[in-house]
Every structure is written in C-alpha cells, then in structure tokens.
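S.K.: fold the following for me, if possible:
(chains A and B)
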Amino acid sequence: MMKKRYFLIIGAVVLCTMILGSMGVAEEKVLKMSTTTSTENSGLLDVLLPELKKDTGISVKVFAKGTGASIRDGMDGNVDVIFVHAKAREEKFVAEGYGTKRYAVMHNDFVILGPASDPAGIKGTRDAAAALKKIAEGKAKFVSRGDDSGTHTKEQQLWTATGLPLKTETKEIVKKGKKASVSFKSPGGIGEWYFSIGQGMGKTLIFAEEKRAYTLADRGTFLNYKFGRKQGLDLEILCEGDLALFNPYGVIPVNPKKYPHVKYEMADTFARWLISGKAQALIANYKIQGQQAFFPDAIPDAK
Amino acid sequence: MDFFVDSLSSAILLIGSLDPELFEIIGVSLKVSSTSTLIASLVGIPAGFLITFREFRGKALLITVLNTLLALPTVVVGLFVYAFISRRGIFGYLDLLYTQEAMIIGQVILIIPIVTTFTISAVSRIDERYRETALTLGANALMTAWVVIREARFGLVASVIMAFGRVIAEVGISMMLGGNAKGFTRNMTTAMALEYDKGEFVLSVALGIVLLTVSFGMNIIFHYFQGKTRV
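M.R.: Numbers count the residues shown, from 1 in each chain, chains lettered A, B, ... in the order given. Take a look at the predicted model:
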C-alpha cells in the first residue's frame, strides 16, 4: 500500500514538473534560426545574441549549417529565420515566396590560404582567379568545402572566372515527381589534388592544415582559427583584397504565408534589430585578434 | 508520402544510370569495411579462442571490459586515433590522416571487441565434450581448435556479419579519420551525411536505400557460407 502511494506522489511530482516546464518554454520567446557555419564559427553570434536577448527578450536557437542547407531549412519551414551569405540564392528565396524580405546586414571577405612554402607561387597575387589558375596548373593540393555552401558557391564562381575548362558533374534526382538535377562544378583533379570534402569551414581549415593544401575561407573564421585557439593554424593568407572575394550576408524571415506556424513577428524583430544602430555598431566593433572581421552594410559608418 | 516516392525513384535512377561517382562511393565503403572486418577477424577470433580456453588472472574482468567496449562510440575511436595520426600527433609524419588507411585503423579498433566477444560466446557454448573427445583421440591443440571451429562456425560467421554490419553503417570514424574527400575517402555514410547537410534529402535517402541494398547483398553471401558450412 505504501509503495503504491509513493508511486502516486512521484508520478504527481513528475507530471507537475512537466506541465510547469512546458509552460516555461511557452512563455519564453525562442526563435529558430538556420545560419551558415561562418557566423557561428567566427564567434560573432556569441556577441550579438546576448545583446538581442537583453533588448528584445528573444533568445535564438541556432542551427549552424552550410548556406544550402540553411536555405533548405527555410524552404521547408523548419526554422523562423535564416542568416546566410549567397546573395543570388537569397534573392531567389524571397522571389519564390519563401522569405518576406532580405535585409542586408554586413559583409566580410574571402581569402585564399595556403602553406607558407607556397608551392604554386601565388603569394602577392591580388587577382583571385589568377591565383586559383596557378594552383590548378601546378596541381597543388586544394581543399574545397564541396557542400553547396556560400563559400562553395563563391569558389565555383572563381573557378569559372579562371577560364579553365571545368568539369561539371550532374546527378539526376526526382523532385515532386519530376526529374531534376543537382550539379557541381570543379576544375577536375578529383582523386588527385582537388579534395572536395563536403564539410563546414572549420573542418575545411583543419583539413587544409593537415594536408598542407590551399583553400578558400572567409576571413572571420580564418582569424578565429589562426589566432583564437591554443593550437593555431600554420596556414597563411596568400591572396586577398580582390573585389571578387567580397562576401555579403543577409537575414531573411521565413514567409508566414507559406508556413503559418513560423514566428514571423519575432523573426522580423530580430532582422530589424540586426540592422539597427546598436547591432551594426556591435558588428563593426567585433574584432578577432585585433582585426575587424565583419563590415556593417545597413549603416556602413556605425561606431 | 511524396518524399519517399521521390527518394525511391531517385535511388532507382541513380543505380540505373550507373553513375560512376556512386559506384566509386560504394567501392570505398566495401573496400574499407571488408578490409577492416578481415583484419579484425584475424585478430579477434584467435583472441576469443585464447580467452575461452586459457585460464588466467583477470579473465572475468577482461571479458567485462570487452563487453563494455561493444558500446564504444565511433566518435571516441575517431578522436583517439586522430590524436595519434594528426600532424601534431606521434605518427603525424606518416601523413595518415584523411586516408582510407586511417579509416581502416579506426574501424578495426571499433570491431575487434565485437568479433572477440561473439567468438567467446560462440565457442564457450560448444559442449566441452567435443574438445575432450578430440583430445582423448590424440588431437593436438591445433586439431582440437579445428574441431571447435567446425562446431562453432555458425556463431563465428555471425560475429563476422555483426562486425561488418557495424563498420559499413558507421559514420563517425569515416568522417573524422577519412574526412569525406570526394574520390579519396567519401563512402556511403559520409556521402549521405553530406547530402543531408546540403539539404538534398532526396539524394540522401536514395543513398540510404542503395546502402541497405548493398548490405543485403553482402548478407546473402554470408548466409550462403553459413548455410553451406552447417552441412
């Protein structure tokens, strides 16, 4: 008899905790966001999100993935907002009605990294396409994100700009009952010198470091990995400053007309907060190892 | 429902088009996993025999440890091996990280406990009289072992199937030590993880279906041997 009563009491306590717990969650303002690995790996979100919480009470659940996967999350209504960097694709996302509006938040730039020994001799080349061309012609090891991310998109654009014959691989798949294809461009050399690893920026840097290879990276993540860790990277910036290496970031709330369950108001508050004077100043003042990593685009002279 | 229909048709399309990349990926999976299963069997089966038939201090403890290692997470094995073979590790100069060899090393460590413990349970289930009879009939240690192997073959093959199933389906070690480099170390599971990361779910599920088909084929082959040796 005693035992039964114990179970009852325990059961009641568990039930109460669960109810209270779910009420707590319901009251809290939680926004789901898919973003590129670079905003997370660079440490910028760790500065922005606590301030957002202070100002608006919104806390953000971050899913860091490639840009491709983040956009996909938005298209499937899995998240409330996306924060990515592939301008053309973002505009398409809005045009197709998946997002309400693209807010230009900031930009940073890409850099071409490589080992100090620089086997392809690209150091001092400002023209990014010319640098990649030298790497390909010298068959020097190159690590590619290969994950359909914003960085990978940029890399494919740069390869196109080299004028080298590119290899396009297309895979046929079926989408909504219709045949569709997924394609992927590379300068060839797969299985030889071109490593397409399909992973995030951080992993790609470590892969390039281990293999003493060249790679394309966003400056923020690179600075964090080079100087922000106990075991820094030996990789160095060998090519920078080309306009073609410019990398704009945008934030887009998912359209509530497509997915009524998304928390549109909160997402829009978040997006507007990101382009507010305060957030823009935070972005401008965010330094990685003493260097500015991101440049605000909504208010370029924010201080 | 559409999602599964799409995935299934994509899988058929992928296989039907004899996509060279797909076959390369399957090739990497089969090559790496069968090599590691072979090495683990060559180590694990004799080890299982020794542990069963030898009495030594700490035997019970060793068996408990081996049983615990059945639950070894692939990520732990990956990290452990990574620490040794990365540029900054002791064996960094061998340039092993992100190669198929590295994947094999990790997978062997993962499944040696599986082969060993399942060998122990297969062998110790054999009636002690078989061994005694063989010994009284004048068999030496090797011949006795052969008698036991013949009796335990069903369990032994099962242990190898288990081990193979574990490595062909694991993703942690392949990702951490192989690095998912296309044309070098990309196998079926890391390719699936990649397609998922890219948001290409249909392709990912299609690859999953292919993986199951390949495993099914391998199991049919194993079962054929199992059936054959059962007499």
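S.K.: in three-state terms, label the nearest residue to B:Ile109 once chain neighbours are set aside for me.
M.R.: On the basis of Cβ to Cβ, 6 or more residues apart in numbering or on different chains, the spatially nearest residue to B:Ile109 that is not a chain neighbour turns out to be B:Val77, at 5.3 Å. Backbone N, C-alpha and C define where each C-beta goes, glycine included. Secondary structure assignment for B:Val77 (DSSP: H, G, I helix; E, B strand; the rest coil): helix.
S.K.: how about the contacts made by B:Val77?
M.R.: By Cβ atoms under 8 Å, 6 or more residues apart in numbering or on different chains, the contact set of B:Val77 is B:106, B:109-110, B:172-173.
S.K.: burial of B:Glu151, as a residue count?
M.R.: Using other Cβ atoms under 10 Å in any protein chain shown, B:Glu151 has 18 neighbouring residues.
S.K.: brain fart, A:Thr170
M.R.: Residues lying near A:Thr170 (other Cβ under 10 Å) number 10.
S.K.: did I read that right, it in a strand?
M.R.: Yes. Assessed with three-state DSSP, A:Thr170 lies in a strand.
S.K.: can you tell me who it pairs with across the strands?
M.R.: Assessed by DSSP bridges, A:Thr170 has beta-bridge partners A:Ser183.
S.K.: so B:Leu79 sits against B:Ile173, correct?
M.R.: No. Checked against Cβ atoms under 8 Å, the pair B:Leu79 and B:Ile173 is beyond contact range at 9.9 Å.
S.K.: max-length helix in chain B?
M.R.: In chain B, with assignment by DSSP state H, the single longest helix is helix B:20-53.
S.K.: so which bits of it are buried?
M.R.: Buried residues in helix B:20-53, defined by neighbour count with 16 or more other Cβ atoms under 10 Å in any protein chain shown: B:21-22, B:24-26, B:28-30, B:32-33, B:35-37, B:39-41, B:44-45, B:47-49, B:51-52.
S.K.: how far away from the center of its chain is whatever helix or strand comes next after that helix?
M.R.: Per DSSP states H and E, the first helix or strand lying C-terminal to helix B:20-53 is helix B:59-69. Relative to its chain's centre, helix B:59-69 lies at 20 Å (Cα atoms, centre = their mean, to the nearest Å).
S.K.: and the contacts of helix B:59-69?
M.R.: Contacts to helix B:59-69, defined as Cβ under 8 Å, 6+ apart, come from residues B:51, B:113, B:116-117, B:120.
S.K.: with stretch A:41-59 instead?
M.R.: In contact with stretch A:41-59 (Cβ under 8 Å, 6+ apart) are residues A:28-31, A:35, A:39, A:60, A:62, A:64, A:200-202, A:218, A:220-221, A:223-225, A:228, A:266, A:269-270, A:273-274, A:278-279, A:282-283, A:286, A:288, A:293-294.
S.K.: quick one: what helix or strand has the closest residue to A:Ile190 other than its chain neighbours in it?
M.R.: Among residues not flanking A:Ile190 along the chain, B:Gly183 sits closest, at 4.1 Å (Cβ to Cβ, 6+ apart). Under DSSP H and E, no helix or strand contains B:Gly183.
S.K.: so what pLDDT did B:Gly183 get?
M.R.: Note on B:Gly183: pLDDT of 86.
S.K.: against which helices or strands is the helix or strand hosting A:Leu216 packed?
M.R.: Per DSSP H and E: A:Leu216 is located in strand A:214-218. Here strand A:214-218 is seen to pack against strand A:103-114, strand A:142-144, helix A:150-162, helix A:201-211 when contacts are counted using 3 or more Cβ pairs under 8 Å, 6 or more residues apart in numbering or on different chains; DSSP states H and E.
S.K.: nearest to chain B, of those?
M.R.: Chain B lies closest, by Cβ to the nearest Cβ, to one member of the helices and strands packed on strand A:214-218: helix A:201-211, at 5.2 Å.
S.K.: the closest one near chain B at all?
M.R.: Yes. Counting by Cβ under 8 Å from any Cβ of the partner chain, chain B is contacted by helix A:201-211 at A:203, A:207, A:209-211.
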